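Novice: With the sequence up front, the predicted model follows.
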Amino acid sequence: MASENNTGRLTGQAYEEAANYIRQQTSLQPEVGLILGSGLGVLADYITDAATIAYEDIPHFPVSTVEGHAGELLIGLLNGRPVVLMKGRFHMYEGYAPELTSFPVRVMKELGVTKLVVTNAAGGINTGYEPGDLMLISDHINLTGRNPLIGPNENRFGVRFPDMSEAYSRRLRALAQETAQAAGFTLREGVYVGVLGPSYETPAEIRMMRILGADAVGMSTIAEVVAARHCRIEVLGISCISNMASGILDQPLSHEEVIETTERVKNRFLQLVSDVVTKL
């Protein structure tokens, strides 16, 4: 296939083909990209004048297989701002290579996106956190052992060795804090550690992560953010602390708990993201 090189990796043509197909479905040109984590896809209900595209219809797009991830791309207006929204994301634990989990980010770049809001459900490592807290991601630790930029560099998107000293925009974090304060609620701010999954972490692994300086842990986000920064997209990351990580409360973990918690905090989440997007 012309869109693959001799290493089997997708090349620029694949991103163009996906973006061209999406452009045929709408006349809107999105400025902001939104990637929603487990149980957080409810934000899609607030998109107006939306074109809804199933992932399976978009050339080269993977398909989401996880409960709480609908598998649809929406392009429409959020508080009057043109956005492209992923209702459900892809994970490496589903068997996808990191360049595929981050594939939509480069497609967003092709569509004209300059800012990305990425959200996830995460386990709380910081013992000062509680389920239901929202945490701005100030930095991340990549423990997946994977990187979406391995292989030939796509020079059209960015340099071979991209800087990650400000993976999550200080400017956008300050804007989000101001927005939350105006709405009367508190945002945590901390370091997210990304792991491969799909098994939850052991108590010993959580103790290690705390020593490393992590405040929350999850199984997504890292590849998407690396790809976004490579192509010079400004990133705001928000974690919903859906449960306390393994060993902290001496109780088993479940995906059902994740979905229940995100349902409980959805109104604060919706208000924060929609208000922030208006100001970007």
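Specialist: Received, thanks. Numbers count the residues shown, from 1 in each chain.
Novice: Pull out the buried positions in stretch 128-141.
Specialist: Neighbour counts over stretch 128-141 (16 or more other Cβ atoms under 10 Å) mark Y129, P131, G132, D133, L134, M135, L136, I137, S138, D139, H140, I141 as buried. (C-beta placed from N, C-alpha, C; glycine too.)
Novice: Take that stretch, keep the C-alpha atoms, and write them as PDB.
Specialist: What follows is stretch 128-141, C-alpha atoms only, in PDB (Å, rounded to 0.1, in the frame of the first residue of the first chain):
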ATOM      1  CA  GLY A 128      -4.000  13.400  49.400                       C
ATOM      2  CA  TYR A 129      -6.300  12.700  46.400                       C
ATOM      3  CA  GLU A 130      -9.800  11.300  46.500                       C
ATOM      4  CA  PRO A 131     -11.900   9.600  43.800                       C
ATOM      5  CA  GLY A 132     -13.700  12.200  41.900                       C
ATOM      6  CA  ASP A 133     -10.900  14.800  42.000                       C
ATOM      7  CA  LEU A 134      -9.800  16.400  38.700                       C
ATOM      8  CA  MET A 135      -6.100  16.800  38.200                       C
ATOM      9  CA  LEU A 136      -4.300  19.000  35.600                       C
ATOM     10  CA  ILE A 137      -1.400  17.000  34.300                       C
ATOM     11  CA  SER A 138       1.800  19.100  34.800                       C
ATOM     12  CA  ASP A 139       4.200  16.400  33.400                       C
ATOM     13  CA  HIS A 140       4.300  12.700  32.700                       C
ATOM     14  CA  ILE A 141       6.500   9.700  33.200                       C
END
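Novice: Can you give the distance of that stretch from its chain's centre?
Specialist: Centroid displacement of stretch 128-141 relative to its chain, using Cα atoms, centre = their mean, to the nearest Å, is 14 Å.
Novice: now swap in stretch 209-218 and tell me
Specialist: Worked out by Cα atoms, centre = their mean, stretch 209-218 lies 18 Å from the chain centre.
Novice: what residues does that stretch touch?
Specialist: 37, 120-126, 129, 135, 141, 143, 188, 190-195, 201, 206, 239, 241, 245 (Cβ atoms under 8 Å, 6 or more residues apart in numbering).
Novice: can you name the two of the buried residues of stretch 128-141 that are farthest apart?
Specialist: Using Cβ to Cβ, the buried residues of stretch 128-141 span at most 23.4 Å, a distance reached by G132 and I141.
Novice: need the next SSE after the helix or strand of the chain with the lowest mean pLDDT, C-terminal direction.
Specialist: For the chain, the helix or strand with the lowest mean confidence is helix 255-264, at a mean of 72 (criterion: mean pLDDT, DSSP states H and E). Following helix 255-264 in sequence order, the next helix or strand is helix 266-279 (DSSP states H and E).
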